[in-house]
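Student: Give me a model of this one.
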Amino acid sequence: MSKIEQFIEALRRDEEYGPNVQHLEVTEATEAKYVAFPDDLHEDLQKALRSKGIEQLYTHQAEAFNYAQAKESFVAVTPTASGKSLCYHLPVLQEILEDPASRALYLFPTKALAQDQLADLHDLIERTEQSILSYTFDGDTPPGLRTKVRKSGHIVLTNPDMLHSGLLPHHTKWVSLFENLKYIVIDELHTYKGVFGSHVAHVLRRLIRIARYYGADPVVICTSATIANPLELAENLTNESMRLIDRSGAPTGRKFFLFYNPPVVHPTFGIRKSAILEVRELAKRLYEEHIQTIIFARSRVRVEMITTYLKQLTAQKLFDSSIMGYRGGYLPSERRKIEKGLRNGEIRTVVSTNALELGIDIGQLDACIMTGYPGNIASALQQAGRAGRRGEDALIILVAQSTPLDQYVIQHPNYLLARRPEEVRIHPDNILILMDHLKCASFELPFTFDQVG
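Tutor: Okay, here's the model as predicted:
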């Protein structure tokens, strides 16, 4: 038995906690699907991949590379930690290695995610032993560096806000980027929804309009977590025809989904024991079994409460950092330290808001605990995807609260396990949003009579 199976068996035998296990669902492991490196993949990229221990590509990575080489825009939708970043790194670096004048623009929803991807990109570039310059361009970029980014950055990583206010209105300063723009990469596509996504859709339309004004015709690459309508969202967001890649070639281990319902403490009102206290006890057991765990809580206050409870386990140890919290408000240096600690195993338990739900590289952990149902199936699957090292067992525990929605989900597991994720909707044609961006577009590049007519 694996240590995950042993933990589950011990929990179910426990007289106090065993009766609270409402349901256990096991999904079987899947094997990786590989293909050889494409014949036209640059030899320096092949060398870089082999130095990372990669001798073959997953099928979805090779499919993405082939679409990009054919100058077809596409959206790749595969699970967490399935190597989606290579779906855009490889074609972008291939283009720059073949034509050093080429440029690419990466768009991420948060600055933290851009910084994380920059580190991964720098590592790959260093292994090629070629001079390819990549920079983040956001509010934290020093003024002295901004000119260098504009003049010589082969790959610029930014976010929608900075693109809207810092690049597009000043496109005449970014001529070298827009004239040679070959790729636009949009990561975490599923975050661009509702009013925010509708605004981003117009920002992207303005971006492509300016690129074409300078003679470029960039390929658009989108990546996303699992959603019900990725192709529709990508095409509505970019106003471009796209191809869909939704069959992952990455391996997965067995996953144990455990639905845990705290005991009733007030039968008259149907109030159950605090989910936070139950999460504390479950996390304590996982910590003592040396099972690396991520705990998701729905607010910053809950993150701090659970972290404080758990740190009592290490109160007698000096300078112990095996239990940490992670949320907005931490300094960037603190967040980078925590992410590194998760990757190298120094941190055994981390308590987080949905800040770690996105694709920040923290490696693959052994277990995930959700403090209450996150509110939608897509978020629940994204959080669950944080657990599961390749080929090894993973444990996902949903601890229900007393709310009607949580109680429904915990008593009807198929609502979460058997249904498709929600569809993501945007409405770029909303007249208020459209008029605001028409003003921006006319400031950036005045419309001619033919365009208006």
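Student: for stretch 348-367, how far is the first residue from the last?
Tutor: When the termini of stretch 348-367 are compared using CA to CA, to the nearest Å, they are 10 Å apart.
Student: Can you list the buried residues in that stretch?
Tutor: Across stretch 348-367, burial judged by 16 or more other CB atoms under 10 Å covers 348-362, 364-367. From N, CA and C alone the C-beta is placed, and that goes for glycine too.
Student: avg pLDDT for it?
Tutor: For stretch 348-367, the mean per-residue pLDDT is 82.
Student: Likewise for stretch 120-133?
Tutor: For stretch 120-133, mean pLDDT is 93.
Student: How far off centre is it?
Tutor: Centroid separation between stretch 120-133 and its chain, computed with CA atoms, centre = their mean, to the nearest Å, is 22 Å.
Student: Please enumerate the strands of the stretch 51-200 of the chain.
Tutor: Ranges of strands in the stretch 51-200 of the chain, per DSSP state E, counting those that start in this stretch, are 57-58, 74-77, 103-107, 134-136, 155-158, 181-186.
Student: so what strands line up beside the fourth one?
Tutor: Pointing back at strand 134-136 there. When pairing is defined by DSSP bridges, strand 134-136 lines up against strand 155-158 (parallel).
Student: tell me which element residue 45 falls in.
Tutor: Assessed by DSSP states H and E, residue 45 sits inside helix 43-51.
Student: who's in contact with that helix?
Tutor: Helix 43-51 is contacted by residues 37, 55, 90, 93, 94, 97, 124, 125, 127, 128, 129, 130 when judged by CB atoms under 8 Å, 6 or more residues apart in numbering.
Student: Just among the residues you listed, which is most surrounded?
Tutor: Taking other CB atoms under 10 Å as the neighbour criterion, residue 93 ranks highest of the contacts of helix 43-51 with 27 neighbours.
Student: ok, now which ones touch that residue?
Tutor: When contacts are counted by CB under 8 Å, 6+ apart, residue 93 touches 42, 45, 124, 125, 128, 132.
Student: what do you get if the cut-off is 7 Å, keeping everything else the same?
Tutor: Residues near residue 93 by CB atoms under 7 Å, 6 or more residues apart in numbering: 45, 128, 132.
Student: And residue 177, by the same measure?
Tutor: Neighbour list for residue 177: 103, 150, 156 [criterion: CB under 7 Å, 6+ apart].
Student: Out of those, which comes closest to residue 372?
Tutor: Nearest to residue 372 out of the contacts of residue 177 is residue 156 (CB to CB; 38.8 Å).
Student: what about that closest one, neighbour count?
Tutor: 24.
Student: out of the contacts of residue 93, who's nearest residue 405?
Tutor: The nearest one, if we look at these relative to residue 405 and count by CB to CB, is residue 45, at 47.3 Å.
Student: Quickly note the distance from that closest one to residue 81.
Tutor: Computed as CB to CB, to the nearest Å, the residue 45 to residue 81 distance reads 21 Å.
Student: now swap in residue 434 and tell me
Tutor: Between residue 434 and residue 81 the distance is 38 Å, computed by CB to CB.
Student: the more surrounded of the two?
Tutor: Ranked by neighbour count (other CB under 10 Å), residue 434 and residue 81 place residue 81 first, with 19 against 14.
Student: pretty sure that one is touching residue 362, no?
Tutor: No - the criterion here is CB atoms under 7 Å, and residue 81 misses it with residue 362 at 9.4 Å.
Student: hang on, the earlier thing: could you dump the contacts of residue 93 to a markdown table with distance to residue 333?
Tutor: Shown next, in a markdown table, are the contacts of residue 93 (distance: CB to CB, whole Å):
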| residue | distance to residue 333 |
| --- | --- |
| 45 | 32 |
| 128 | 28 |
| 132 | 26 |
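Student: OK, contacts around residue 211?
Tutor: Neighbouring residues of residue 211 by CB under 7 Å, 6+ apart: 178, 181, 218.
Student: give me the low-pLDDT residue ranges for the stretch 251-400 of the chain?
Tutor: For the stretch 251-400 of the chain, applying pLDDT under 70 flags the ranges 359, 361, 363, 389-391.
Student: which residues in it form helices?
Tutor: Using DSSP state H, counting those that start in this stretch, the helices assigned to the stretch 251-400 of the chain run over residues 275-288, 300-311, 332-344, 377-384.
Student: Just say which of those helices is most tucked in.
Tutor: helix 377-384 (a mean of 22; mean count of other CB atoms under 10 Å).
Student: How far away from the center of its chain is that helix?
Tutor: Centroid separation between helix 377-384 and its chain, computed with CA atoms, centre = their mean, is 11 Å.
Student: elements contacting that helix?
Tutor: strand 367-371 (3 or more CB pairs under 7 Å, 6 or more residues apart in numbering; DSSP states H and E).
Student: Okay, now the sheet partners of the strand it packs on, with direction.
Tutor: Strand 367-371 sits in its sheet next to strand 293-296 (parallel), strand 394-399 (parallel), going by DSSP bridges.
Student: List the contacts of it.
Tutor: So strand 367-371 is contacted by 275-276, 279, 282-283, 286, 291, 293-298, 302, 380, 383-384, 386-387, 394-399 (CB under 7 Å, 6+ apart).
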